[in-house]
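Visitor: Everything below, folded, please.
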Amino acid sequence: MATTDAPRPSTRTPQRDPGPGARASQSASSPLGHTRAVEIVDAVIVGGGHHGLVAAATLADAGWAVLLLEARDTLGGAVSSRDVDGWVLDEFSACHPLGAASPVLRELDLTAHGLQWSHAERPVVHVASSDDSVGSTMEGDAEATAALLDADHPGDGDTWLRLVRQWDAIREPLLASLLTRWPPVRSVGPLLARIGATQVPDFVRFALLPVDRMGAELFGGARAGQILSGNAMHADIPPEAPGSGLFGWIMSMLAQDVGFPSPRGGTQRLADALASRARAAGARLETGQRVARIAVAAGRAHGVETVDGRRIQARRAVIADTSAPDLYDRLLPSAAVPVGLRSRLDRFEWDLPTLKLNYRLSAPMPWIAERAHGAAVVHAGQDRQGLVRWTADLGSGRVPQRPFALVGQMTTVDPSRSPEGTEALWLYTHLPRGITDAASADRLTDASEGMFDDLAPGWRDHVIDRWDQRPHDLHASNANLGDGAVGGGTMQLFQQAIWRPVTGLGGPRTHVEGLYLGSAATHPGGGVHGGCGYLAARAALQDNRWWGRPVRSLSLAALHRLYADPPTIR
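Guide: Alright, predicted model coming up:
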């Protein structure tokens, strides 16, 4: 079996797009350094991931002069693809139910900038063992899914349809509260109204259920609970932990609602559409521009300096589409990070390290499970109880002998990804935290391919080559993927809302005036949805209006007081 190396950082000459939002350079004495030419804009965005691009478009729509600086030679961050001999392989993320449903991305009208979603025949099939010749299946139509679940256990189909009806009733206010407001005060009212006052306590309990418990309470058969649990494992919340049920329910309902789509022509097309939209609004987007530091003076962010000495002054805001450690450990001067924040950042936890294996296959995967053929995503390797054991292995520092894996069949989703009759396929699974050495990655790779041997005998005969992305490869390719984590930090409850990325006020505001964190490190966390960048841009716009200044002042005062000392309870 041939393997290929992960892509190396480009040394291409930086691209500079002057754009209509530029401000003239001038000689100035500023916190950016000695008297010399300094470019002046309203806002600098550090990082060109999809959140940074959303922030750029949102600010430019408001008439701000915006400059976005991206270290890589392409825009999109973890939303990118590469071409291998005419095959399109997604580098990081691939299927985007949150992206298709996101009110943030819908509002940007990306179809006008070339984005088209492609769908497979069915969104998800869960296959636990070779004994299952069918697979636990979500069809594209809820009634069809319900019929399959009812055949597994009478009544489960009706329960599924009830969940879908409930989702339809609260979908819009729920997504608005998660993605468009922080704090979500103005969105909670409509959400509670849709739920119903007498039902709120039960809904809160439902939202706190571990997914393993949720499946047991709702369904009598194995297949429906398996679907919920498998979808919950797109995050790093153990199936017996609170919050995993809510995530599994949201992902399942999204899959039933919009499917597991991917941009036609590769995930990079989503980034391209966002870049086109931002440029159309007047934002300047530059690649090959690594920011070395954020200039801070008198408690305010004044701009940035790149590694080649270029200085840009930000009159209104600096937005960091970076990881939390990258912002506080590298970009900010150490003197600008108070002791209370530093001590809390020491408790920050990444989500699980990821191993991603990318295959070019000469034929589709020969699954034993009939319905896995034609599925966008296959959840493979463990049943509901097995997922509990798998996460216990990860939590106790053991490399699982039988992994659970998410498998994307990208040519099945989008036939333009590879030649007719072939399949561009990826698998990703996890290593325990802190165990990312080559020997452990080798063992997990062997175990994952052994799992394929069980579920799709003869698959090795179709392998053209394999491109390995181990945790260190992912981190080297994208600094936001610390230790190979793909979610910007654990999605568990102790690092959500006001505790994301550290204890504070939640949302994008930082303790530095004019500085906002607009990446998956902040609420609502991982996923391709644009919410983090949008919330950062909204906060910057609000803070620069007269009616927003009291909130800005109160927020800064509260954070300064909180971070003045380390927490007494650790």
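
Visitor: Confirm that residue 539 sits in a helix.
Guide: Yes - under DSSP: H, G, I helix; E, B strand; the rest coil, residue 539 sits within a helix.

Visitor: Next one: the closest residue to it other than its chain neighbours from residue 126, what distance?
Guide: Spatial nearest neighbour of residue 539, chain neighbours left out: residue 508 (4.9 Å); criterion: C-beta to C-beta, 6 or more residues apart in numbering. Every C-beta, even on glycine, is put in place using the N, C-alpha and C of the backbone. From residue 508 over to residue 126 the distance is 36 Å, taken as C-beta to C-beta, to the nearest Å.

Visitor: same thing with residue 238?
Guide: Note on residue 238: its distance to residue 126, by C-beta to C-beta, is 18 Å.

Visitor: can you check residue 438 too?
Guide: Residue 438 sits 31 Å away from residue 126, going by C-beta to C-beta.

Visitor: Residue 448 too?
Guide: Plainly put, residue 448 is 16 Å away from residue 126 if you go by C-beta to C-beta.

Visitor: more crowded one of the two?
Guide: residue 126 (31 against 22; other C-beta atoms under 10 Å).

Visitor: That one bridge partners, please.
Guide: residue 136, residue 379 (DSSP bridges).

Visitor: Next, the contact list for it, please.
Guide: Counting by C-beta atoms under 8 Å, 6 or more residues apart in numbering, residue 126 makes contact with 135, 136, 137, 223, 226, 227, 230, 378, 379, 380.

Visitor: cool, and residue 110?
Guide: Counted by C-beta under 8 Å, 6+ apart, residue 110 has contacts 270, 273, 274, 277.

Visitor: for residue 121, same thing?
Guide: Counted by C-beta under 8 Å, 6+ apart, residue 121 has contacts 140, 374, 375, 412.

Visitor: Compute the distance between the spatially closest residue to the third one that is not a sequence neighbour and residue 407, please.
Guide: In space, and not counting its chain neighbours, residue 375 is closest to residue 125: 4.1 Å by C-beta to C-beta, 6+ apart. The spacing between residue 125 and residue 407, counted by C-beta to C-beta, is 10 Å.

Visitor: joint contacts of those two?
Guide: By C-beta under 8 Å, 6+ apart, residue 125 and residue 407 have these common neighbours: 377, 378, 379.

Visitor: ranking those residues by neighbours, who comes first?
Guide: Busiest of the shared contacts of residue 125 and residue 407 [other C-beta under 10 Å] is residue 377, holding 30 neighbours.

Visitor: Now do it against residue 511, distance only.
Guide: In this structure, residue 377 and residue 511 are 40 Å apart, going by C-beta to C-beta.

Visitor: likewise residue 548?
Guide: Applying C-beta to C-beta, the value for residue 548 to residue 511 is 17 Å.

Visitor: Same drill for these two, tell me which one is more crowded.
Guide: Neighbours per residue (other C-beta under 10 Å) separate residue 548 from residue 511, with residue 511 holding more: 23 against 15.

Visitor: Correct me if wrong: residue 40 contacts residue 302.
Guide: No - counting by C-beta atoms under 8 Å, residue 40 does not reach residue 302; the two are 10.5 Å apart.

Visitor: Neighbour count: these two, which is higher?
Guide: Neighbour count, other C-beta under 10 Å: between residue 40 and residue 302, residue 302 has more, with 23 against 19.

Visitor: residues making contact with whichever strand or helix holds residue 446?
Guide: Assigned by DSSP states H and E, residue 446 belongs to helix 438-455. Where contact means C-beta under 8 Å, 6+ apart, the residues beyond helix 438-455 that reach it are 127, 129-130, 355, 357, 365, 367-369, 372, 380-381, 399-403, 405, 427, 429, 431, 459-460, 468, 470-471.

Visitor: Give the buried subset of the residues you listed as a ChimeraX selection command.
Guide: The buried residues among the contacts of helix 438-455 can be selected in ChimeraX (16 or more other C-beta atoms under 10 Å) with this line:
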select :127,129,355,357,365,367,368,369,372,380,381,399,400,402,403,405,427,429,431,459,468,470,471
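
Visitor: In strands, which of the contacts of helix 438-455 appear?
Guide: 127, 355, 357, 380, 405, 427, 429, 468 (DSSP state E).

Visitor: The first one contacts residue 370, doesn't it?
Guide: The reference is to residue 127. No - applying C-beta under 8 Å, one finds residue 127 not in contact with residue 370, separated by 10.0 Å.

Visitor: where do the contact lists of those two overlap?
Guide: Taking C-beta under 8 Å, 6+ apart as the contact rule, residue 127 and residue 370 both touch residue 135.

Visitor: now for the longest helix seen in the chain, which elements pack on it?
Guide: When the chain is parsed with DSSP state H, its longest helix is helix 156-179. If you count contacts as 3 or more C-beta pairs under 8 Å, 6 or more residues apart in numbering; DSSP states H and E, helix 156-179 packs onto helix 103-107, helix 142-152, helix 185-195, helix 222-232, helix 244-258, helix 531-543.

Visitor: Please identify the buried residues of the fourth one?
Guide: In other words, helix 222-232. 222, 223, 224, 225, 226, 227, 228, 229, 230, 231, 232.

Visitor: List the contacts of the third one.
Guide: Neighbouring residues of residue 224 by C-beta under 8 Å, 6+ apart: 136, 149, 152, 153, 156, 159, 160, 215, 218.

Visitor: how close does it get to residue 155?
Guide: Going from residue 224 to residue 155 by C-beta to C-beta gives 10 Å.

Visitor: One more: the fifth one?
Guide: Taking C-beta to C-beta as the criterion, residue 226 is separated from residue 155 by 16 Å.

Visitor: what's the answer for the first one, then?
Guide: Plainly put, residue 222 is 14 Å away from residue 155 if you go by C-beta to C-beta.

Visitor: what do you get for the last one?
Guide: Summarising the geometry, the distance separating residue 232 from residue 155, computed by C-beta to C-beta, is 22 Å.

Visitor: go on, the fourth one?
Guide: For residue 225, the distance to residue 155 equals 13 Å [C-beta to C-beta].

Visitor: Next up, phi/psi of residue 77, please.
Guide: Here is the backbone geometry of residue 77 (degrees, to the nearest 10): phi 60, psi -120.

Visitor: which ones are touching it?
Guide: Contacts of residue 77 (C-beta under 8 Å, 6+ apart): 47, 48, 49, 50, 51, 52, 70, 92, 271, 321, 478, 480.

Visitor: can we see that at 10 Å?
Guide: 47-53, 70-71, 91-93, 271, 321-322, 477-481, 519-520, 528 (C-beta atoms under 10 Å, 6 or more residues apart in numbering).

Visitor: Check residue 461 too.
Guide: Listed by C-beta under 10 Å, 6+ apart, the contact partners of residue 461 are 361, 362, 363, 366.

Visitor: Can I get these in CSV including pLDDT, neighbour count and secondary structure?
Guide: Listed next are those as CSV, based on pLDDT from 0 to 100; neighbours: other C-beta atoms under 10 Å; DSSP: H, G, I helix; E, B strand; the rest coil:
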residue, pLDDT, neighbour count, secondary structure
361, 98, 23, strand
362, 98, 13, coil
363, 98, 12, coil
366, 98, 16, coil
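
Visitor: Determine which two of those are furthest apart.
Guide: Largest separation among the contacts of residue 461 by C-beta to C-beta: 362 and 366, giving 11.5 Å.

Visitor: what touches both of those two?
Guide: 461, 462.

Visitor: coming back round to it: isn't the residue nearest to residue 539 right up against residue 183?
Guide: No - between residue 508 and residue 183 there is no contact under C-beta atoms under 10 Å: 11.7 Å.

Visitor: any common contacting residues for those two?
Guide: Both residue 508 and residue 183 are in contact with residue 523, where contact means C-beta under 10 Å, 6+ apart.

Visitor: Residue 338: neighbour count?
Guide: The number of residues near residue 338, taken as other C-beta under 10 Å, comes to 17.

Visitor: Next: residue 425.
Guide: For residue 425, the neighbour count with other C-beta under 10 Å is 27.

Visitor: go on, residue 415?
Guide: 13.

Visitor: shouldn't it be in contact with residue 119?
Guide: No - using C-beta under 10 Å, residue 415 makes no contact with residue 119, being 11.5 Å away.
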